[in-house]
Each structure stands twice: as C-alpha cells, then as structure tokens.
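Visitor: structure for the following, please:
(chains A and B)
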Amino acid sequence: MDFRLGPKAAEVRREIRAFLAENFSEEDRKEAARDGGGHNWELYQKLAANGWVSAGWPEEMGGGGRDPYEILTLYWELCKAGFPWIGLLNNGFIGHTLMAMGTEQQKKELVPKIASGEIAFALGYTEPGSGSDVAGARTQATRDGDDWILDGQKMWTTTAHTAQYIFMLTRTSTQDRPHRGLTIFIVPTDAEGVDIQPIHTMGGERSNGVYLTKVRVPDANRVGEVDKAWSVLMFALGLEQAMGYADLQERFIENAGRWALETGADGARPFDDPRVKEQLGQTAIHAEVSRLLRHRSTWLAAEGRALGGKGAMTKSFSGTSYLEDAQAFMDLVGPAGLLDEDTEGAIAGGNFDEAFRQTPVNTIYGGTVEILRSIVAETELGLPKSR
Amino acid sequence: MDLSLDESQQILVDTFSEMLEKECPTTHVRDCEASGFSPRLWDQYCELGANVMGLPEAAGGLEMSLLELGLVATRSGHALAPVPFVEIATTGRMLAALGEDDPLIEEIVAGKPCVTLAPPRPHAVPGTTQTAGGRVLVPFGAIAEHVIALEGDALFVASDAASRRSAHVHDLGGGALAHWDLSHDASASIRTLAEGEAATPAFARAGAEWKLLTAFWLVGIAQRSLAIGAAYARDRIQFGVPIGGFQAIAHPLAECAIRVDGAELLCWEAAWADTEDPDRFGMLASMAFVWASQTAIRTADISLHTHGGYGFSTEYDIQLYYRRARALSSIGASSREELQTVAELCFDRDGSGSSEFLLGGA
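Guide: Numbers count the residues shown, from 1 in each chain, chains lettered A, B, ... in the order given. This is a model prediction of the structure:
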C-alpha cells in the first residue's frame, strides 16, 4: 500500500507552481474571476508551449505521455490557484480523442494546432432540452451531398466565444434507440449560421448558448462513424466525473483555517470557539475524503482497471460535501461572510461568499448527483436501473 | 500509489473472514448480548494469534502493522464479534513501548483479555466525563482486570477490580461495559507506568491507535449494514417490482456506499501514515474515527429504514448493527467532540497558531 502520488507528480507540482509564480499574478487571478470564461489565450499558449495541452496523450501519438498522477497534479495546482483551466481540460481531451478516433486529415491538420495552442475547441453536448439525458440531443444533422446541414441549439457551451471550433453532438438518426443515432462534428465558430450568446451565472462564470441555423459542415469534419458517437461521449463524461472538486475544497479549508487563526477586528480569534473548531474539523475531513476518492479514481486509471462507479463516487461526494461546507460556514460567520474579496471587511479572502455562490453548480454539471447516485446504485450495489 | 492489499494481507482477511463466518454468526452475537463477551470466540482469535499481532517480536508478538490490525478489526466489525481485540492490541502496544517486561504483556501473550483503557476525551462536554460516584465507563471494563488511564501527567494501571469495578452494565450496543474508579490515589492497586513528559504522548498515541482501530471496526459495521440493506432492496417486492429500483430507496444507499468507501480509504491512509507520513498520523486517526462513526451510524440507519417495519423488529439483523454503530461511536469519545481534536491537530498542533496545516499529504 502506498498513498504517495510519486516523484513525477511531485516534479509537476514544482513545475506548475513555478509557472504560476512567474506567469499568473494576483491581478491575473482577479481578471480570470471577473471574466469567468474559463480560458485565457495568452496564458493558455504559454502552457501549450511547455507541452501541457498534449501532456496526457500517449507518446506514440505525439503527446507528453504523462501519467494520470501528473495530470491530476497539473489540474490540482491550476484549480487551487484560480487559473482559467477549462479550455485546457477540454482541448486535452478533444485532441486525445481526435488522435484516437479522428480521420487522417484531422490528425494531420488539427491535432498539431491543438497541441501548440494555436486553436481551441469548446464542447457542444448539452442542449436546452437535454442535460442529464444527454442521449436526448435533438440538434439535427442532415446529409446534403458531401456536406451536412446542422440545425438546433446548444446550452452551457463554455469557452465557445473564445474557441475556433465546437465539438458538436448531433442527431443523425431516430430509427434506433436514442443513444444509437448520435454523430459528432467539428463546427467552426465562425461558420455561417452559428450564433453565440452569453449566459452568465451566479458563480461568476460566463458560459454560452449556441444557435445553429442551416450550418453547412463538410463530411470531412465528422468525427467517428455516423450514429456511433455514444462511446466518445461516455469517455468524456467519465473523465469529468472522476475529477471532482477536492482541490477547491482544499483551497476553501485552507482559507477558512487561516481566517479562524487570525485575530478578528474585535480582538478575538474564531478558532477559540468550539463551534468553529467543530466545523473546521468536519470540513477538513470532507476535503480529505474527497482527495482520497479522487486519488483512487486516478490510481484505477493509472492501473488500467475499470472505474465502475468509482468515478461517479468521486464527483458525487465532492460536489455534495463542498456545497454542504460552504453553507455551513455561512451559517457560522454572520454578515462578514456576505462580502466578496474586493469589499472592505471581507473575511477569508471572500472565499465564503465565493464558495456559497459557486458550489450549487457542482452537484449539477458534468452529471447531476442524481445521475451519479443511480450509477453507483447500479454498478456498486447491483440495484435495478432506476431511471 | 498502490491502494491494494498485498498477498499476506489478503490471506489475513480471508482467514478471519472464514473463522468468523463459522464461529460468529449473528445467532452467536445475540447469545452474547447479555455479557458483551464471547470467551469461546476470543479463544479462536488467540488461536489465530490476534492477541499478539501488534506486539513486538521481542515480547512474543507478530509485530504486525496498524493496517494489518485494522484489517482484522474491519472483519470483526462485519461479524459484530464480541471480543476486546482493539483494546488488547492498543494496550499491548502501549505497554510494550513503555518497557517490554511489563507483567501484563505476559498475560496478553497467554491469551487473557486482561487489560483495557479509558480513552482520552479532551473535548468532552462538561458534566459527561464521569458516571455515578466519580467513576468512568470503560469499554470491556466488565471483563478486564486492569484499566490504563491518564490523570494529569500520570499514566497508570488501575487494578483490584474487586474494589474498583462495578458489576457489568448493560448498554445500547450489548457491550461489556463497567464503571471503574480510576482515581490516581496512593493505594496498592495503582501502578504508575509513566509520569511527566513521557506520559501524555504515550497515552495520546494509544488513544489515537484505539480510535483508528475502532474506526476500522466501524467500517466493517458500515460495509455489512450496506450489504444487508442493498440485498433487501434487491429482493423486496412492492408495487410489483424490487424496491431498489426506486430512486428514493436506491439513492440514499448509493450515498452510503460512497461514504463507506471514503471511510475505508481514510482508515487505510491513517494506518499507512503511521510509518510513512508520521506527522499526519494522529490527525488522520482522529479523522478516521469521526468519519467512520458518522458513516456507520448513517449507513445502519438508512439500511434499517430500507427494511421498512421489519428493520425495527429484533428478529432482523440490521438492528444489531444500528445499535452497535452508535455504541462504538460513543464509548471512547463522542464523534462530535472528536471534531475539535481533528481541527487542533490539523490547524494548530503546537498551539502557537502558526504551525503548518496538515492538509494535502505526501
């Protein structure tokens, strides 16, 4: 038994921390929070130049061949620092998928540009009428000679407003069961008929809705076989579920701990109150359990073992416990918890307010806890399918 | 990273599983509810070396790690074994660390369930630290002849059970509790083990080991409770279908499955940290105790509820688990008071307010 991530991960931690110290200032962090788009081209290209976009791809595909512990550490450090990392995550995955499933032309023309940070993709899965039921996608793709015509609407297409392409899930057949009629296309965001509109969230994110009206896409932009996109989709969702928010939970409990140990404006120290100590203890336990579940998912991936419901466990626990803790601290701290970091009198760097606004979505996107619990019930407890 | 058991650890698990399946069915647990102790089962434990597993080789022990002791505790929790495995392991290791020639070690090696401890409760709610007549409720205090305790900075063994120990006290968990007079007086029945600077860390260490092994035991209770509840949800038909197909039944069980896995990982990590990340050991042991307590209580509760009215009847096994999950979480220290210890060890372990936080890990 060994709970260490190992020396390579430790080296990545040093490297990313050094990168952040050099390139990501406190002002950059605040700008990323204000912008909320999850992607910053200048910073992204610096990471790409150091090989981080393609870091997790196999070496034989021209990737960095980094192991899952190194990739875990990369995102851990970026998340804790408040770095806008969503573009990196999506493109690491999409480049990897294109390498594995794309056409020769896509591998030759697009993949090197993804790796170098020249181009970026957004993920276009979710629709107004299909969130949890992702196989219910209705955006239509209709064959027209060597082209396809796309009509429909996407929701929560984060980074679409800064990306050149969208990795777009479409309906190409209604003959079989819903998940057997889906096809993925690469759609340029500047194609005629693509209209991108902002969606702003309570958590400060800027996402997008994307309207597609008679968008013409050549068949060469199709990824994988017609009607067979389901496996691509499952791979992406599995990836997201196995992550969770343990890194952000660690940042939160660090901020809460520092706040508790400082003497407040009234001359007293929160840590000396048993109620505060109890909550710190509980939140520290939640953070540790989240970290362990995420490490286990990473270990299973590194060993090439089946994840089963373990990925779903990671995200479900992390999402619910972080939300619970964010609310619990607000219950404790009174009015100062309501202030954001730039407001006079803010405590814990505004993290109580920030977490309270941001954590509700953690139990929703990338698989709601209801979907995740059903996965756990079926795969880990052998209960019947419940939806 | 390696989160698997090695071959010898797996053999250890299998050996105890097989023995317990044969020797400790829940009918036997029920038979022992009145006394809280099974001499016959304890003999089986000793035959497998359980009494000396944690002792150093020089003291006649098997020098097994806390992880290995913990694996046995988890199997014991599965079976609700009425034996003082955790108390004997913890006190034996403490006595051996203080001096290998302590006379009680000889008795432990001989298989006598002779000694237990009164775990430390630094954050006990005022008014709850003593029971009637200034005494203390002690786990397995009804069968042990000696109790190790700390008063001030004196670590001592209290003996003379005839005068210091009450009759067996029946409790919610069907344990072997008794009230003990643990005043550190000048009588011949008090033998001081350590005083001053050596005493407090030695007892804190033993307390941490007791909490961690109890956490392992609670994980066993939680795992078995979950398995019982899931099996019932698969088999029980209402409205023409298995009730496990209803999300209102399935999701609470799934949430427990997640927490139980987390509790097991946390126990394993704490045991591993004993030798590999020693700065975090005490904190992780406290965390494991709290989380395993919360998880076992919740899981037994959800599983009982899954049974509907049957779960409430004494005929069904789940009520045995429901009561013991609570009892084990309360007998040493309340899981809630322990949260404050977690916070102190994590954020302010030297009391200066400036120690490095112990989050993250190796």
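
Visitor: report pLDDT for the closest residue to residue B:140 other than its chain neighbours.
Guide: In this structure, residue B:140 finds its nearest non-sequential neighbour in residue B:84, 4.1 Å apart by C-beta to C-beta, 6 or more residues apart in numbering or on different chains. C-beta here means a position set from N, CA and C on the backbone, and glycine is covered the same way. What the model reports as pLDDT for residue B:84 is 98.

Visitor: tell me the contacts of residue B:84?
Guide: For residue B:84, the contact set (C-beta atoms under 8 Å, 6 or more residues apart in numbering or on different chains) comprises B:37, B:42, B:113, B:116, B:139, B:140, B:143, B:144, B:176.

Visitor: may I have the phi/psi pair for it?
Guide: Recorded main-chain torsions at residue B:84 are phi -90, psi 50, according to degrees, to the nearest 10.

Visitor: distance check, it against chain A.
Guide: 26 Å (C-beta to the nearest C-beta, to the nearest Å).

Visitor: over to residue B:18?
Guide: 23 Å.

Visitor: so that residue, which state does it fall into?
Guide: helix (DSSP: H, G, I helix; E, B strand; the rest coil).

Visitor: what's the burial count for it?
Guide: Neighbours of residue B:18 under the rule other C-beta atoms under 10 Å in any protein chain shown: 11.

Visitor: report the two of the contacts of residue B:84 separated the most.
Guide: Largest separation among the contacts of residue B:84 by C-beta to C-beta: B:42 and B:139, giving 14.8 Å.

Visitor: ok, these two, which is more surrounded?
Guide: Taking neighbours as other C-beta under 10 Å, residue B:42 and residue B:139 compare with residue B:139 leading, 27 against 22.

Visitor: give the contact list for that one.
Guide: Residues near residue B:139 by C-beta under 8 Å, 6+ apart: B:84, B:87, B:116, B:117, B:119, B:175, B:176, B:177, B:331, B:332.

Visitor: and of those, the nearest to chain A?
Guide: Nearest to chain A among the contacts of residue B:139 is residue B:332, at 16.5 Å by C-beta to the nearest C-beta.

Visitor: give me phi/psi at that closest one?
Guide: Per degrees, to the nearest 10, the backbone of residue B:332 is at phi -90, psi -50.

Visitor: now the strands for chain A?
Guide: Remark: strands assigned in chain A by DSSP state E are A:121-124, A:140-144, A:147-154, A:165-171, A:182-188, A:194-200, A:206-218, A:222-223.

Visitor: and for the stretch 151-300 of chain B?
Guide: B:154-158, B:178-180, B:190-195, B:237-238, B:241-242 (DSSP state E, counting those that start in this stretch).

Visitor: from residue A:324, how far out is the residue lying closest to residue B:255 once chain neighbours are set aside?
Guide: Closest residue in space to residue B:255, ignoring its immediate chain neighbours: residue A:373 at 6.2 Å, by C-beta to C-beta, 6+ apart. For residue A:373, the distance to residue A:324 equals 15 Å [C-beta to C-beta, to the nearest Å].

Visitor: where is the longest helix in chain B?
Guide: The longest helix of chain B (DSSP state H) is helix B:199-235.

Visitor: ok, back up a step: of the contacts of residue B:139, closest to residue B:293?
Guide: Once C-beta to C-beta is applied, the member of the contacts of residue B:139 that ends up nearest residue B:293 is residue B:332, at 9.8 Å.

Visitor: count of residues packed around the closest one?
Guide: 24.

Visitor: grab the nearest non-local neighbour of it.
Guide: residue B:119 (3.8 Å).

Visitor: again with residue B:326
Guide: Closest to residue B:326 by C-beta to C-beta, 6+ apart is residue B:297, at 5.8 Å.

Visitor: so what's residue B:217 up against?
Guide: B:73, B:74, B:76, B:77, B:86, B:328.

Visitor: make it 6 Å
Guide: Going by C-beta atoms under 6 Å, 6 or more residues apart in numbering or on different chains, residue B:217 touches B:73, B:76, B:77.

Visitor: now tabulate those residues in JSON lines and tack on neighbour count and pLDDT.
Guide: Formatted as JSON lines, the contacts of residue B:217 follow (neighbours: other C-beta atoms under 10 Å in any protein chain shown; pLDDT from 0 to 100):
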{"residue": "B:73", "neighbour count": "27", "pLDDT": "98"}
{"residue": "B:76", "neighbour count": "25", "pLDDT": "98"}
{"residue": "B:77", "neighbour count": "28", "pLDDT": "98"}
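
Visitor: out of these, which sit inside helices?
Guide: Those of those lying in helices (DSSP H): B:73, B:76, B:77.

Visitor: ok, the second one to chain A distance?
Guide: Okay, so that is residue B:76. Separation of residue B:76 from chain A (C-beta to the nearest C-beta): 20 Å.

Visitor: and the first one, by the same measure?
Guide: As defined by C-beta to the nearest C-beta, residue B:73 lies at a distance of 16 Å from chain A.

Visitor: which residue is the nearest non-sequential neighbour of that residue?
Guide: Nearest non-adjacent residue to residue B:73, counting by C-beta to C-beta, 6+ apart: residue B:216, 3.9 Å away.

Visitor: can you tell me which residues contact the one you found?
Guide: B:70, B:73, B:74, B:267.

Visitor: also residue B:331?
Guide: residue B:139.

Visitor: report pLDDT for it.
Guide: pLDDT at residue B:331 comes out at 92.

Visitor: before we move on, what about residue A:235?
Guide: We note a pLDDT of 69 for residue A:235 in this prediction.

Visitor: that concludes my questions; thank you for your assistance.
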